[in-house]
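Trainee: Fold the stuff below for me.
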Amino acid sequence: MSGSCCMCCCREESSDDSEVDEEVALPPGLLPVKNEAKVSETMPIHTPTASSECLLEKPLRERLRSISQLSIRKQLFSMTGWNLSIHPDMNVKGTREYYNLYAILEVRAVGKGEVQVRGVDSGLFLAMTKKGKIYGEPDENKESTVWVETLSGAFFNYLSRKYAHMGWYLGIKKSGKPKKGHKTEYGQRAVQFLPRHPYPLG
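Mentor: Here you go, the predicted model:
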């Protein structure tokens, strides 16, 4: 039986990461996305040269102290059908609940096209490790908490600024688990997000 494998594990892994288009029911409370023309879409940053253009001269700690930060509360709905949530135990995952407490996020600008994403209830910042794992980081001054926010068509993408030269994005699998950076690609449904109102309307 050489060359055989556990079919259940392989099936789970392959289906979890597959990019076959499936109809995803859109949730209530979606925010309008402004994108005047496709020609003005922001393209992803994939090379070390391009990613260095995003870096501001000041270290993040100095930048946070010196600029008035513009922030907005919202939820981020992945096109795999999950709302991004950041939990107090540092876990980041998807939730099906439309208005889960841990899915209320504060997105604040920290530079041109650069943002930090903080879980309002957990107080943790969305971050990525050197192995591409997504987690909640308590230290806002770590460069791993900065994301390059781009708009492609109707969707937002979040590229890790620290690993922009690797092309590593924020992504949620069809299972609701975060997708590791090295398995993400521009254009995948897993890396496409729509903004939602943070609280129920009416």
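
Trainee: In contact with residue 176, which residues?
Mentor: Residues counted as contacts of residue 176 (Cβ atoms under 8 Å, 6 or more residues apart in numbering) are 80, 82, 93-96. C-beta coordinates here come from the backbone N, C-alpha and C atoms, glycine included.

Trainee: Also residue 105?
Mentor: 73-76, 84, 86, 117-120, 126, 198.

Trainee: Check these and tell me the two furthest apart.
Mentor: Using Cβ to Cβ, the pair of the contacts of residue 105 lying farthest apart is 126 and 198, separated by 15.3 Å.

Trainee: For the residue positioned nearest the centre of the chain, give me the pLDDT.
Mentor: What sits nearest the mean C-alpha location of the chain, by Cα atoms, centre = their mean, is residue 170, with 3.5 Å. Reported pLDDT at residue 170 in the predicted model: 98.

Trainee: just residue 22 next, same as before
Mentor: Each residue has a pLDDT score; the one for residue 22 is 72.

Trainee: What subset of the contacts of residue 105 is buried?
Mentor: A residue is treated as buried here by neighbour count (16 or more other Cβ atoms under 10 Å); on that basis the buried members of the contacts of residue 105 are 74-76, 84, 86, 117-119, 126, 198.

Trainee: residues in contact with the closest residue to residue 154 other than its chain neighbours?
Mentor: Using Cβ to Cβ, 6 or more residues apart in numbering and skipping the chain neighbours, the partner closest in space to residue 154 is residue 33 (5.3 Å). Residue 33 makes contacts with 151, 154-156, 194-195, as judged by Cβ under 8 Å, 6+ apart.

Trainee: between those, which is closest to residue 102?
Mentor: Nearest to residue 102, judged by Cβ to Cβ, of the contacts of residue 33 is residue 195 at 16.8 Å.

Trainee: Distance of that closest one relative to residue 60?
Mentor: 24 Å (Cβ to Cβ, to the nearest Å).

Trainee: ok, now residue 105?
Mentor: Summarising the geometry, the distance separating residue 105 from residue 60, computed by Cβ to Cβ, is 19 Å.

Trainee: again, but for residue 160
Mentor: Distance of residue 160 to residue 60, computed by Cβ to Cβ: 14 Å.

Trainee: Neighbour count: those two, which is higher?
Mentor: Just comparing residue 160 and residue 60: by other Cβ atoms under 10 Å the higher neighbour count belongs to residue 160, 27 against 20.

Trainee: Pull the contacting residues for that one.
Mentor: Residue 160 makes contacts with 128, 144, 146-148, 166, 168-170, 181, as judged by Cβ under 8 Å, 6+ apart.

Trainee: Can you add distance to residue 25 and give those residues back as JSON lines?
Mentor: Supplementary listing: the contacts of residue 160 in JSON lines, determined by distance: Cβ to Cβ, whole Å:
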{"residue": "128", "distance to residue 25": "28"}
{"residue": "144", "distance to residue 25": "33"}
{"residue": "146", "distance to residue 25": "32"}
{"residue": "147", "distance to residue 25": "26"}
{"residue": "148", "distance to residue 25": "29"}
{"residue": "166", "distance to residue 25": "33"}
{"residue": "168", "distance to residue 25": "28"}
{"residue": "169", "distance to residue 25": "23"}
{"residue": "170", "distance to residue 25": "22"}
{"residue": "181", "distance to residue 25": "27"}
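
Trainee: No further questions, thank you.
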